[in-house]
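>>> Next one to model:
(2 chains)
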Amino acid sequence: MSISCRPVVAAVVAACVAVGVPGIAAGETTRGGALTGAALSRFPAFAALPDSRVLALPVVLKGTLTERAGTPLGGAQVLLSAWPSPEALGALPAGGQFDLVPIARTVADGRGRYELRSVLTPVLASLTGEDGLDIQLDVFHEDRHHVYLAQVRPDGQGWVREAVGGVDGQTASLAAGAAGNLLDLALDPAGAERLNISAPGVSTWPPPTRAGEPPLTERDKPVAGGPSCSRPTKINEHPIPAMTTVATAIVSNGATVSITYTDGAKTVISTGGSTDSGFSFGVSGARERSAHFTADFRDFRAKSGRSIAREFRVQVEHDVTRRVCVANANWNRYSVQYLTSPRGLTGGGDDIRSARPVFGCEDKHRRAPAVLGAVKTERAKAATYSAAFSFAPVKGVGFSGNALSGYSKAVEIAYAFSRIGGAWCGHTGMPLHDGQRLHGYGR
Amino acid sequence: MAAALGAMLIALIAGCGSDADATTLTPTRPETTLIGPPITAKDPTFHAAVYLDHPGAEIRVLDVDALTSPNVSFLGAVAVWPRDLKGENVGSGPKFPPPGIRGHHAVEEVIPAGETAFVPKGWDGPASVAIAFGFRLNGVEDGAANGMRIVYEVDGKRKTELYRIAIIACPPPKGCRGATKADDPEFTDDILRRYGLVPEQG
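Next comes the predicted model:
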């Protein structure tokens, strides 16, 4: 697939200006921050977009950018682009290239605050999959280039993003209430690419890649005068599977636990990134995928006086992309960036003994009596499972990510009490609180 | 085309429609479902408790409400203060007011800060105030409540909490057990849908 984005973007902007539509007045395209530096050289297509600060369009994303230590990334250039749908990416052969479609750009203010604005264009609509539009944030601040993958959904006249802190490598948090467009990021300089690395003399082309990847060719090489990053390339021939934890449960003393994971279940899965040419991978965002199968999980009944702790898993397939960027102003040093993205949940379902800390219900602050036949969770924010899956994006290097399956009708944990009189608890709070792993026991 | 583009942008700029009121009880998919309190023919009442966790603050409940099927009566609510607990939290089950406590208070009675800071015997910190909602199943059909709301003040600051909790009650002597009831994965949805307690698409 190849989408030539600059003419499309320019045409939309020109059309808006020509008809005098409010929001992009003639002459305003040059106000706001101009695209400069590495952001311009790496992604020149964004120069055609006005800074979102001068636009009165729906907010796609907004928030605050800081370093992990809390220092605001004031003045950071923030670029937002769209990926192809996971189905389209999956259909590419190994070595197939695609374009990131520019959506919006802006410059963060002195406190690191930013807003990215756009309408849902026909192009963006065509890239939107069933779970939403896969997006990429490129943040340029001082000598660092950060990459973060995420997802938004068109929602009527605006955009929506589900808050999934914790799965995406950010501080675990659960936003109460409805989804919004808020995305606060605390970015780790150590996880970013360092720009303008000086290197003497001779070109380092081609940079080393990992065994088993499609070899780098001339079309992967940035050419002086053009973008200083190549088009992204998909490098895996086959989807890379990883069994992924979608639920855990502890059951004790005569109670029975049943896990439901049915067609339509949604799981948010970490995306991975590498800025050291594939020597290591870290969590760089998250995307949600829906299941189109029903996992056949066993029920577990604990004997009297005994406990069972299990993890319930489904298979998730991943794709890996690579792009080569010029790393310095002399155009004689190159960096290779890798990104992983979940393609989809593909079926299967197993359960394993849980290796996570087992917790009891001794703490009365976490325990709710249930003199009932059964209790079940349906639609609440579930727990984020760290190290929920792992796989090797490139040969010999592992990536471990997180997962969260929000309980819903499609994902449900139910406890049945054979004797009337049971109780259940959460691992850090009451079982009805957000983000709880659960333990049910009979009396 | 230009007109359509302009109209689209104008509509976008005019803003979205307002979000649904987050403080109104409406038929909504429950987050938690409680099934089968063992009610009796002699006493077909049951309860479900939620918790107000504001230790050291004065609490004043202004209003309680619940959404029920036509064959379930909402009996109001009582407040169970930390001092009223006999060691265990109030949960859900048969009877109303809930059994197993030292006492309870009218829900509109102001709960002093000293009471919300109380540490019951056997606890390692202040317990929450439990608001136990009461219901009664009338007749011989299965019934349900789906959704509870509390409007209250914490140190004078007003709050509204909606609890997406459903409770399904079945008449004695069989209760909710069995292949056609609690063992049927569609049982709770069928009950809630039958009485319009969830949206049709829910």
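
>>> Quick one: the helices in the chain, in order.
No chain in the question, so chain A it is. Assigned helices in chain A, in chain order: A:5-18, A:37-42, A:86-91, A:122-127 (criterion: DSSP state H).

>>> Hmm, no, I was thinking of chain B.
For chain B, the helices defined by DSSP H cover B:2-14, B:113-116, B:187-194.

>>> weakest of those helices by average pLDDT?
For these, the weakest mean pLDDT is recorded on helix B:2-14, namely a mean of 42.

>>> For the residue minimising distance to the centre of chain B, give me its contacts.
In chain B, the residue lying closest to the centroid (C-alpha atoms, centre = their mean) is B:M148, at 3.4 Å. B:M148 makes contacts with B:25, B:48, B:50, B:64-67, B:133, B:162-163, B:165, as judged by C-beta atoms under 8 Å, 6 or more residues apart in numbering or on different chains. Where you see a C-beta, it was placed from the backbone N, CA and C, and this is true even at glycine.

>>> make it 10 Å
B:M148 makes contact with B:25, B:48-50, B:64-68, B:74, B:77, B:131, B:133, B:161-167 under the criterion C-beta atoms under 10 Å, 6 or more residues apart in numbering or on different chains.

>>> Among those, name the ones that also lie close to chain A.
Among the contacts of B:M148, the residues lying close to chain A (C-beta under 10 Å from any C-beta of the partner chain) are B:48-50, B:163-167.

>>> from those, which single one is nearest B:I59?
Distance from B:I59 was checked for each of the ones next to chain A among the contacts of B:M148 by C-beta to C-beta. The minimum falls on B:V50, at 12.9 Å.

>>> what's the spacing between that closest one and B:V90?
9 Å (C-beta to C-beta, to the nearest Å).

>>> Show residues contacting stretch A:207-217.
Residues from elsewhere that reach stretch A:207-217 (C-beta under 10 Å, 6+ apart): A:93-96, A:205-206, A:220-221, A:230, A:233-237, A:274, A:277-279, A:320, A:322, A:324-325, A:327, A:333-336, A:338, A:392-397.

>>> From A:G74, how far out is A:T66?
Distance from A:T66 to A:G74, counting by C-beta to C-beta: 10 Å.

>>> Pretty sure B:G91 sits against A:G422.
Yes: proximity of B:G91 to A:G422 meets the contact threshold set by C-beta atoms under 10 Å, at 9.5 Å.

>>> Quick check: neighbours shared by those two?
If you check B:G91 and A:G422 against C-beta under 10 Å, 6+ apart, the residues they both contact are A:369-372, A:375.

>>> Tell me where chain B has strands.
B:32-35, B:45-52, B:59-68, B:72-80, B:92-94, B:105-106, B:129-137, B:143-154, B:157-169 (DSSP state E).

>>> Would you indicate which residues of the fourth one are buried?
Using 16 or more other C-beta atoms under 10 Å in any protein chain shown as the test for burial, strand B:72-80 gives B:72-80.

>>> where in the stretch 51-200 of chain A is pLDDT low?
Low-confidence regions of the stretch 51-200 of chain A, defined here as pLDDT under 70, cover residues A:163, A:172-179, A:197-200.

>>> quick one: the strands in it?
Assignment of strands within the stretch 51-200 of chain A using DSSP state E, counting those that start in this stretch yields the ranges A:59-67, A:77-82, A:101-107, A:113-117, A:133-141, A:144-155, A:158-160, A:185-187, A:193-194.

>>> Now these in TSV, please, with extra columns for distance to chain B and mean neighbour count.
Converted to TSV, these look like this (distance: least, C-beta to the nearest C-beta, whole Å; neighbours: other C-beta atoms under 10 Å in any protein chain shown):
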stretch	distance to chain B	mean neighbour count
strand A:59-67	10	21
strand A:77-82	17	25
strand A:101-107	14	25
strand A:113-117	10	23
strand A:133-141	16	24
strand A:144-155	8	21
strand A:158-160	5	20
strand A:185-187	25	22
strand A:193-194	35	18
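
>>> For A:V251, which of these is the nearest?
Closest to A:V251 of these is strand A:144-155 (C-beta to C-beta; 33.6 Å).

>>> neighbours around A:A38, how many?
23 (other C-beta atoms under 10 Å in any protein chain shown).

>>> What score does it have for pLDDT?
For A:A38, the pLDDT comes out at 89.

>>> thought it was touching A:V139?
No: counting by C-beta under 10 Å, A:A38 does not reach A:V139; the two are 11.0 Å apart.

>>> which residues do the two both contact?
Between them, A:A38 and A:V139 have A:77, A:145 as joint contacts when contacts are counted by C-beta under 10 Å, 6+ apart.

>>> returning to that earlier point: can the strands of the stretch 51-200 of chain A go into a markdown table with extra columns for distance to A:G305?
As requested, the strands of the stretch 51-200 of chain A are arranged in a markdown table below (distance: least, C-beta to C-beta, whole Å):
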| stretch | distance to A:G305 |
| --- | --- |
| strand A:59-67 | 50 |
| strand A:77-82 | 55 |
| strand A:101-107 | 58 |
| strand A:113-117 | 56 |
| strand A:133-141 | 49 |
| strand A:144-155 | 45 |
| strand A:158-160 | 47 |
| strand A:185-187 | 46 |
| strand A:193-194 | 56 |
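
>>> still on that earlier bit, PyMOL command for the buried members of the contacts of B:M148?
In PyMOL syntax, the buried subset of the contacts of B:M148 is picked out as below (16+ other C-beta under 10 Å):
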select buried, chain B and resi 48+49+50+64+65+66+67+68+74+77+131+133+162+163+164+165+166+167
